[in-house]
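# Any chance you could fold what I've pasted below:
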Amino acid sequence: MRLAVLFFIAIFWICACTSDMIVPAQDLHDELTTLVESASQTGSVDHYILPSHTDLEAIPQDPKNALTHRKVALGQLLFFETGIGTKANKIEGMETYSCASCHIPEAGFRPGRIQGIADGGIGFGNNGDFREINPAYEESELDVQGIRPLTVLNVAFVSNTFWNGQFGANDVNEGTEDLWNEEDNTLVNALGFQGLEAQNIEGLGLHRMFIDEERANELGYTSLFDLSFPEYSKEERYSNLTASLAISAYLRTLTTSQAPFQNWLKGDRNALTEEQMRGAMVFFSKGNCYTCHTNPSFNSVRFVGLGVNELHQSGGIQTTGDEKKSLGRGGFTKLDQDLYKFKIPQLYNLKNAPFYFHGSSKETLEEVIDYFDQGIPENENVPSSQISPNFKPLNLTAQEKSDLKEFLAEGLFDPNTNRFVPPYIKSGNCFPNNDELSQQQLNCN
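Below you'll find the predicted structure:
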């Protein structure tokens, strides 16, 4: 009898402990669900669910560039295709770079260094961190960005692209027609496309890439263009225009739908660790992150001033701080109230981003979180009048900062971005770079 009593006591103790372990986790789920619902623009957690990359109907798209699986397949190949890099400044740079030279999947579709180098760069290293200047090029001859490129992950949820939102005839650029001009590369907006398509139409030529019917034949892309753009005449079908539309279609499918937070939103209560849930609660409450990062991918086509340093202050090439890009939205609108205000970026796959902010002024997520927590602008050249009133000390505890970092780094990390990379490109070239040093470092045959 005594043994039976002890047995039942032990069972009760185990069940009680198990219950104690389960209840706090369930409480976290309930609390987090309430916070997410309150922040959501629809009142439901479904607002933040991103579509699968294959669910084309659910992906936001440009009415002038309808998504098809064939068009996406063509765009995927062209995005990595070094064979269209035929407008290089020097013969040494011919067919050595691609769009993916500066948007590297392993680096969260960003450059692996402080700024991207396309034409005029050599080497790859580890996730693009060893991209350096080709000795045959002067710095003035390089194709580099004067501002750190934004990731192209979840770009379907961005109506107007670039840090100042200058691309696209829609949304925030409606009524800005008098500002579109060749000097700022914004005349392309007159074609009526949304931001992503407009930027790529302009960007393909700007980044020294070219394709026509002859080149499409040489590389083996003719039939893919035929299948993707049957509505275009033969004279227009094989061109930078259609190539850029295909690339845009592909980029719209880069959704981080397999991140743990996405799985949690879809009902998997084991997808997030307790630390990540606590971090998400900081994100949706005391951290105040959700008030700016409002869209499904935690971006927003709003422009705010945070007073971070510019790229030239971080050692960028071909940058002085006098460029219009350094003026933010005001560099496009010419309005004083828009100066030094930059678009709010998306937050997925930050873990493998080697630099942060438009000026690459931070190198770790801890530094980024500390910057927001302290609420003190670092760039003395930015007037206080241009700093967002929401940028103020948060007074987060060490535990809250640690939890928030865990949510941003792991909870919002899609580990399977390799699904967006083709096994080969039609030219048979090495990719994303095809210079001799990159071929060695990438182990290309």
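
# remind me which residues of the protein are low pLDDT?
Counting by pLDDT under 70, the ranges of the chain that qualify are 1-24.

# what do you get if the cut-off is 90, keeping everything else the same?
Filtered on pLDDT under 90, the chain yields the residue ranges 1-26, 126, 145-146, 314-324, 353-354, 445.

# From residue 131, how far out is the spatially closest residue to residue 139 that is not a sequence neighbour?
Closest residue to residue 139 apart from its sequence neighbours, by Cβ to Cβ, 6 or more residues apart in numbering: residue 317 at 5.7 Å. In this view, the C-beta of every residue, glycine as well, is placed from N, C-alpha and C. As defined by Cβ to Cβ, to the nearest Å, residue 317 lies at a distance of 11 Å from residue 131.

# Over to residue 417?
Counting by Cβ to Cβ, the gap from residue 417 to residue 131 is 19 Å.

# Can you report phi and psi for residue 363?
Backbone torsions of residue 363, given as degrees, to the nearest 10, read phi -120, psi -10.

# My guess is it contacts residue 371. True?
No. Taking Cβ atoms under 8 Å as the definition, residue 363 is not a contact partner of residue 371, at 11.7 Å.

# rewinding a little: quick one: contacts for the residue nearest to residue 139?
Contacts of residue 317 were listed using Cβ atoms under 8 Å, 6 or more residues apart in numbering, and they are 115, 117, 133, 139, 142, 144.

# Please repeat the previous calculation with a cut-off of 7 Å.
Taking Cβ atoms under 7 Å, 6 or more residues apart in numbering, we find residue 317 in contact with 115, 139, 142, 144.

# show me where the protein has strands.
Here the chain has its strands, by DSSP state E, at 121-122, 132-133, 300-304, 342-344.

# Now mean neighbour count and distance to residue 189 too, for the ones you listed, in CSV please.
CSV is the format used below for those (neighbours: other Cβ atoms under 10 Å; distance: least, Cβ to Cβ, whole Å):
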stretch, mean neighbour count, distance to residue 189
strand 121-122, 26, 29
strand 132-133, 15, 33
strand 300-304, 19, 15
strand 342-344, 23, 16
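
# Of all these, which one comes closest to residue 26?
Residue 26 sits nearest to strand 300-304 of all those, at 31.7 Å, using Cβ to Cβ.

# Okay, now the sheet partners of the closest one, with direction.
Sheet pairing of strand 300-304 (DSSP bridges) gives strand 342-344 (antiparallel).

# Could you list the residues in contact with the strand it pairs with?
Applying Cβ under 7 Å, 6+ apart, the external contacts of strand 342-344 come out as 163-165, 292-293, 299-304, 328, 358.

# Now distance to residue 438 and neighbour count too, for the contacts of residue 317, in a markdown table please.
Below are those laid out as a markdown table (distance: Cβ to Cβ, whole Å; neighbours: other Cβ atoms under 10 Å):
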| residue | distance to residue 438 | neighbour count |
| --- | --- | --- |
| 115 | 17 | 24 |
| 139 | 20 | 10 |
| 142 | 16 | 19 |
| 144 | 17 | 21 |
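
# Identify, from these, the entry nearest to residue 172.
residue 115 (25.6 Å).

# Next one: that closest one from residue 146, what distance?
Distance, residue 115 to residue 146, using Cβ to Cβ: 8 Å.

# Check the contact lists of these two and give me the overlap.
Between them, residue 115 and residue 146 share these contacting residues under Cβ under 7 Å, 6+ apart: residue 311.

# if I pick the most centrally placed residue in the chain, what's in contact with it?
Closest to where the C-alpha atoms of the chain average out (Cα atoms, centre = their mean) is residue 151, at 2.1 Å. Applying Cβ under 7 Å, 6+ apart to residue 151 gives the contacts 108, 109, 110, 346.

# which one among these gets closest to residue 175?
Closest to residue 175, out of all of the contacts of residue 151 and judged by Cβ to Cβ, is residue 346, at 25.5 Å.
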